[in-house]
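Undergrad: Just to be clear, the model below is a prediction. Sequence and coordinates:
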Amino acid sequence: MRAKIRVVGAMIERDGRYLITQRPPRASLPLLWEFPGGRVEPGETDEEALARELREEMSIRVEVAERVIHVEHAYEQYDIDFCVYRCQLRDGAIQHLRVHDHRWVRPEELDDYEFPAADEKTIARLLDL
């Protein structure tokens, strides 16, 4: 039985730009870019997991709003069940606690960054929204 991992991501928009973060050099899929977020732990809701991950990774607080994208993707070793939620940044200056870097990018600039395959699918949908 293949592992299925539930992952949540944040779509945080400010002045027409979206927040993307770069994975650490030693993480799986190193140095690729993604919407910030992470795994949902047992007993957590998507919203709780997303708020926790953003606090742990960047020391920011968000208000999680509606789910905007849901995709599934099969990687070689496991399957991803990936939901992206629209979020409002509430407070906190972005710190690189568990991310390598971050950028605020316009939708048309997203193609300039390399994303994992599951994120590529969400970006394709985002650009259609």
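TA: Perfect, thanks for sending it. Fair warning: this is a prediction, and the values are worked out from it, not measured in the lab.

Undergrad: Need the CA coordinates for stretch 88-99. CSV is fine.
TA: This file holds the C-alpha atoms of stretch 88-99, laid out as CSV (Å, rounded to 0.1, in the frame of the first residue of the first chain):
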residue,chain,number,x,y,z
GLN,A,88,-4.6,36.6,4.9
LEU,A,89,-1.3,37.5,6.5
ARG,A,90,-2.1,38.8,10.0
ASP,A,91,1.2,39.6,11.5
GLY,A,92,4.9,38.7,11.8
ALA,A,93,7.8,39.6,9.7
ILE,A,94,8.9,36.7,7.5
GLN,A,95,11.8,34.8,9.1
HIS,A,96,13.6,31.9,7.4
LEU,A,97,13.3,29.4,10.2
ARG,A,98,12.6,26.4,8.1
VAL,A,99,12.6,27.8,4.6
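
Undergrad: buried stuff in it?
TA: Leu89, Ile94, Arg98, Val99 (16 or more other Cβ atoms under 10 Å). All C-beta atoms are positioned from the backbone trio N, CA, C, and that covers glycine.

Undergrad: Residues contacting stretch 12-25, please?
TA: Stretch 12-25 is contacted from outside by 10-11, 29-36, 57-58, 62, 86-89, 94, 98-107, 110, 113, 126, using Cβ atoms under 8 Å, 6 or more residues apart in numbering.

Undergrad: Can you select the buried ones among those residues for me in PyMOL?
TA: Here is the PyMOL command that picks out the buried ones among the contacts of stretch 12-25, judged by 16+ other Cβ under 10 Å:
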select buried, resi 10+11+32+33+34+35+36+57+58+62+86+87+89+94+98+99+100+102+105+110+126
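
Undergrad: For the protein, just list every one of the strands.
TA: 3-14, 17-22, 33-34, 37-39, 61-74, 78-91, 101-105 (DSSP state E).

Undergrad: to the chain's geometric centre, what's the distance from the shortest one?
TA: It refers to strand 33-34. 7 Å (Cα atoms, centre = their mean, to the nearest Å).

Undergrad: Give me the helices and strands touching it, please.
TA: Packed against strand 33-34, as judged by 3 or more Cβ pairs under 8 Å, 6 or more residues apart in numbering; DSSP states H and E, are the following elements: strand 17-22.
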